[in-house]
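J.: coords below, sequence missing:
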């Protein structure tokens, strides 16, 4: 039986560790890529986690569409995993949705969903996001 849904929110920031960007032949200004980012998440309840992100993206002109996976690891070893999908200007505003799909320790059995907004910083695609949603633990 799942707990009642509870609100969750945090701010996270990442730097790009690795990126493979490929221009699409015959389509000027269009590219696809794979990116790995690392950073920290700072939760409103005082928790802090490291974050590892892997994402694929498609860029056309001033818009990038992306989807990926994130793993949050807390100081006590607890983890939380999820997916996200977003869109934005590679040098500006970002928006999207996320799902929480599982975890370990105190987050074992967690599920949830929500939205994020933020900003990307050129040239590497570093980013910060404000994340809000709900979760429950089975």
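T.: Received it, and whenever you're ready, just let me know what you need. Note that the structure is a prediction, hence the values are computed from the model and not measured.

J.: Please make it C-alpha for all contacts and neighbour counts, starting now.
T.: Fine.

J.: Would you mark the buried spots in the longest strand along the chain?
T.: Ranked by residue count, the top strand of the chain under DSSP state E comes out as strand 6-23. By 16 or more other C-alpha atoms under 10 Å, the buried positions in strand 6-23 come out as 8, 9, 10, 11, 12, 13, 14, 15, 16, 19.

J.: same question, stretch 23-33
T.: Those would be 30, 31, 32, for stretch 23-33 by 16+ other C-alpha under 10 Å.

J.: just these now: which is nearest residue 38?
T.: residue 32 (20.2 Å; C-alpha to C-alpha).

J.: pLDDT at that closest one, what is it?
T.: Looking at residue 32, its pLDDT stands at 96.

J.: Surely it and residue 61 touch.
T.: No - if you go by C-alpha atoms under 8 Å, residue 32 and residue 61 don't touch, sitting 11.8 Å apart.

J.: how about the strands in the protein?
T.: 6-23, 30-43, 48-60, 63-74, 79-88, 93-103, 110-121, 126-137.

J.: just for this protein, where's the confidence low?
T.: 1-2 (pLDDT under 70).

J.: Most distant residue from the centre of it?
T.: Centroid-distance maximum for the chain: residue 26 at 30.7 Å, with C-alpha atoms, centre = their mean.

J.: Residue 33 bridge partners, please.
T.: For residue 33, the residues forming beta bridges with it (DSSP bridges) are residue 21, residue 57.
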